[in-house]
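J.: Following is a predicted model, sequence given first.
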Amino acid sequence: MLQIQNALVSLDLIEKFFICDLDKCLGECCIEGDAGAPITKEEYEKLKQIVELVWNDLLPESQRVIKESGVAYIDEEGDLVTQIIGNKNCVFTYMDKNGKCLCAIEKAYREGRTDFYKPISCHLYPLRLTEYPTFTAVNFHSWKICKAAQVLGKAKGVRVYQFLKEPLIRRFGKKWYDELSETCEVYLKEYGE
């Protein structure tokens, strides 16, 4: 683990390679799992505000679930998470013509319909944050559906912390990311690439 300001960061961010390969995984991380995506209370409020902006992009089943149960719920662990359909898909997903599961919120953002990119837990994935009273733990979530992303990242020489630069800056700030990046470079020189 590395300590970067008030965060403890797993060495996986330095040692592992990663580039999302949507052509291979088809967005499976938005479908598989046992709960929706973790969100903050502020993100919950934002999702309620923008649901109308993404409504026409959502699957009919997502629209039904949102009408009946809202955009989020408290999961078994007591975390606030996005609502899901059929114990699988996040309600904010849609399928493109090639069968990829994509994010309707991100689509709206890219089209200029909202200033909200998507929940930070989604933007940071495959990283998972655990908040403690005095620090944040930053860990890499490794599972089979992201194997293609690790293969592509290794082929292109892109490490986890490099691939996730934008969301890490969004969550922790540029100064924090610059410190992380410098620490990673020193670590790689000292312990090999």
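T.: That came in fine, so what should we check first?

J.: SS state for the residue positioned nearest the centre of the chain?
T.: Nearest to the mean C-alpha position of the chain, counting by CA atoms, centre = their mean, stands C122 at 2.2 Å. Three-state call for C122 (DSSP: H, G, I helix; E, B strand; the rest coil): helix.

J.: what sits against it?
T.: Under the criterion of CB atoms under 8 Å, 6 or more residues apart in numbering, the contact list for C122 reads C30, A37, C103. Placement of C-beta: from N, CA and C, glycine included.

J.: Give the buried residues for the helix or strand of the chain with the lowest mean pLDDT.
T.: When each helix and strand of the chain is scored by mean pLDDT, DSSP states H and E, helix 22-25 comes last, with a mean of 78. Buried residues in helix 22-25, defined by neighbour count with 16 or more other CB atoms under 10 Å: C25.

J.: now swap in stretch 176-183 and tell me
T.: Neighbour counts over stretch 176-183 (16+ other CB under 10 Å) mark W176, Y177, E179, L180, S181, T183 as buried.

J.: For the fourth one, which non-adjacent residue is spatially closest?
T.: Using CB to CB, 6 or more residues apart in numbering and skipping the chain neighbours, the partner closest in space to L180 is I4 (4.9 Å).

J.: Run a quick neighbour tally on that neighbour.
T.: 22 (other CB atoms under 10 Å).

J.: go on, D96?
T.: With other CB under 10 Å as criterion, D96 counts 12.

J.: what pLDDT does the residue nearest to the centre of the chain get?
T.: According to the prediction, C122 has pLDDT 90.
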